[in-house]
Structure formats: C-alpha cells, structure tokens
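Engineer: Got a sequence here, can you model it:
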Amino acid sequence: MTKKLFRIFTTIFIITLGTVLGASLLAGAVVAPTIFHSEQFLGSELLSRFQEGLLMTHVFEILAYAVNFLIVLAILYEVIKFKAFESSKWSLGLTFLVVASGLLFTSYYIPQILEMQSAGEVVTSGHIFANVHKASEWNFKLFSFATLGLLILTLRKALR
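Structural biologist: As a prediction, the model looks like this:
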C-alpha cells in the first residue's frame, strides 16, 4: 500500500474511531437517561420500563452496524500496520479489545437481550436479565475505553 493511500486510510480510520466513540457516548450518556426517565420530560409516564427497554435496544441495534464497521476497519488497519512492521504491542492490544468487546456487544449481548425481550416483560424483570444487562454495560464501557485508547494512539502516530 502506498504512503498516500495509507494516509487516506488512516484518516478514515481516525474519523470512524471518533464517530463510533461519539455515538457510543451519546447513546449511553444522553439517549439512555432520556428514554429511561421520559416521564420527567413528558410530564407523565407514557411508557412502561419494558417499552423503554425496547426503544433503547433498538438504538443499540442501530449502533451495532457502526461498531461492526469499526471492527472491520480496525482489523484491516492493524493487519496493514503489522505487515509493514509498524504495529506495537499497545496497538495490537487495544485493537484486540475493540474487536473482542465489539463482537461481544453485537454478536452476543444484543441477540441475548433481544431473545429475552421477545419472551416478554416477565423475563426482563428477572435477575438473569439484570445480570446480562449489567454485563453488557460493562462490556460496552470496555469497548468505549479501548476505542478511545486506540483513537489517541492512532492520532499520536498520525500527527508525528
């Protein structure tokens, strides 16, 4: 790959990292509290907790497309760097965390939550759902921190 092409790919990768990180933070810090406390904004409770959960799951289903796109780009970017002997243990480690936690989010937690939601409100009010949900939150935080770390590392290298 030529240097100019690699610079363009690096720019696309940095923009994708920043965009997915921003979307993740927006979903977790703004959208979730708004949906789960909708009564504060609407004046009365229009949606049940279960219905609010369905909405939030749909937001994360859409976000999963961006996460999967980032995973593909991260793997390609790291393979190209590895073949050029330009990768480091930090970039390999952060890429692994982004890929592993991203795939857990999109391929395990979202399908698991959707399956439980399709079983109805009784299942989602139980402790098993609460544990799966809590684990998915921790996994998504790991994904966000790894994405931030990879963004910083890639930016530092690109700006040299």
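
Engineer: What ranges does the chain have for its helices?
Structural biologist: Taking DSSP state H as the criterion, the chain contains helices spanning 3-26, 32-36, 38-42, 49-83, 89-104, 110-118, 121-124, 127-158.

Engineer: With mean neighbour count and mean pLDDT as new columns, can these be given to me in CSV?
Structural biologist: Quick note: C-beta positions are derived from backbone N, CA and C, even for glycine. Below are the helices of the chain laid out as CSV (neighbours: other C-beta atoms under 10 Å; pLDDT from 0 to 100):
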stretch, mean neighbour count, mean pLDDT
helix 3-26, 15, 96
helix 32-36, 15, 92
helix 38-42, 11, 85
helix 49-83, 17, 96
helix 89-104, 18, 97
helix 110-118, 15, 95
helix 121-124, 14, 88
helix 127-158, 16, 96
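
Engineer: Now do the same contact list for Ile14.
Structural biologist: Applying C-beta atoms under 8 Å, 6 or more residues apart in numbering, we find Ile14 in contact with Leu151, Thr154, Leu155, Ala158.

Engineer: switch the cut-off to 10 Å
Structural biologist: Tyr77, Leu150, Leu151, Thr154, Leu155, Lys157, Ala158, Leu159 (C-beta atoms under 10 Å, 6 or more residues apart in numbering).

Engineer: and if you look at His58?
Structural biologist: Residues in contact with His58, defined by C-beta under 10 Å, 6+ apart, are Ile35, Leu114.

Engineer: I'd like the numbering to begin with 46 instead of 1 from here.
Structural biologist: Sure, I'll start numbering at 46, so the last one becomes His103.

Engineer: quick revisit: so which of the contacts of Ile59 is the closest to Val168?
Structural biologist: Using C-beta to C-beta, Leu195 comes nearest to Val168 of those, at 35.7 Å.

Engineer: Just give the nearest non-adjacent residue to the closest one, would you?
Structural biologist: In space, and not counting its chain neighbours, Leu195 is closest to Leu139: 4.3 Å by C-beta to C-beta, 6 or more residues apart in numbering.

Engineer: roughly how far apart are that neighbour and Ala129?
Structural biologist: 18 Å (C-beta to C-beta, to the nearest Å).

Engineer: ok, now Thr199?
Structural biologist: The spacing between Thr199 and Ala129, counted by C-beta to C-beta, is 14 Å.

Engineer: what's the answer for Tyr153, then?
Structural biologist: Distance of Tyr153 to Ala129, computed by C-beta to C-beta: 33 Å.
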